[in-house]
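Participant: Mind looking at a prediction? Sequence and model below.
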Amino acid sequence: MKQTAVFDEITQVSIIVDDIFASIRKYNDLYGIGPWIVLHFTPENTGSMVVRGKTEEFEMYLGLCESLNIQLELIQPVSRNTTYFEYLDAHGPGIHHFCLSSKEGYASVLEKLKERGHAERLLGALDSGGMEFTYVDLTDDLGFIAELVNPPADFISPPPVWQYPEDETER
């Protein structure tokens with residue numbers, strides 16, 4: 001019996017790094033992957049961050065680049081109380097999750113995955129634009145963590161704190 005596809009597209013590959021500014025320079029300067037913007041997330045511009053059922057405040061840097069027919073995301077955790085830091089501590093820098101989309105929509109896919117017994121690792125929202133996101137642990141079945149996002153039609157990203165190579169100031 002052929003199963004209907006749960007996901008339609010991989011929209012983003014997310015990689016945990018220990019120094020986002022050095023990593024971005026390496027991606028751009030050595031491999032031509034860029035340009036990049038860096039966002040700084042803090043308790044002041046994020047809301048409802050829930051890690052394994054517990055509300056947490058944390059800080060991280062996030063770099064974004066549209067390249068290789070996909071969005072690349074680099075995440076440098078600053079706070080230790082995140083799934084990002086757990087990953088970095090256990091594995092070192094590397095691929096953390098894939099962001100997947102579905103025509104079924106965020107809520108429908110999330111419910112389907114919950115019914116299959118998959119645990120939510122992180123729930124969150126961005127105060128700057130009302131985007132909701134959830135990481136679901138599909139490691140046992142598929143070998144990776146999936147991120148599902150629910151951006152509103154009028155989503156506004158927070159302003160970047162750094163752009164590279166446009167802003168070559170030392171970081």
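Facilitator: Happy to help now that I have it. Numbers count the residues shown, from 1 in each chain.
Participant: so what secondary structure elements neighbour the helix or strand residue 84 falls within?
Facilitator: Element membership for residue 84 (DSSP states H and E) is helix 83-91. In terms of contacts (3 or more Cβ pairs under 8 Å, 6 or more residues apart in numbering; DSSP states H and E), helix 83-91 is packed against strand 9-16, strand 70-77, strand 94-101. Yep, even glycine has a C-beta here, placed from its N, CA and C like the rest.
Participant: 6 Å instead, please
Facilitator: strand 9-16, strand 70-77 (3 or more Cβ pairs under 6 Å, 6 or more residues apart in numbering; DSSP states H and E).
Participant: Adding distance to residue 123 and mean neighbour count, write the ones you listed out as a markdown table.
Facilitator: Formatted as a markdown table, the helices and strands packed on helix 83-91 follow (distance: least, Cβ to Cβ, whole Å; neighbours: other Cβ atoms under 10 Å):
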| stretch | distance to residue 123 | mean neighbour count |
| --- | --- | --- |
| strand 9-16 | 16 | 17 |
| strand 70-77 | 16 | 20 |
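Participant: Next up, phi/psi of residue 25, please.
Facilitator: phi -60, psi -40 (degrees, to the nearest 10).
Participant: what about it, how many residues close to it?
Facilitator: 17 (other Cβ atoms under 10 Å).
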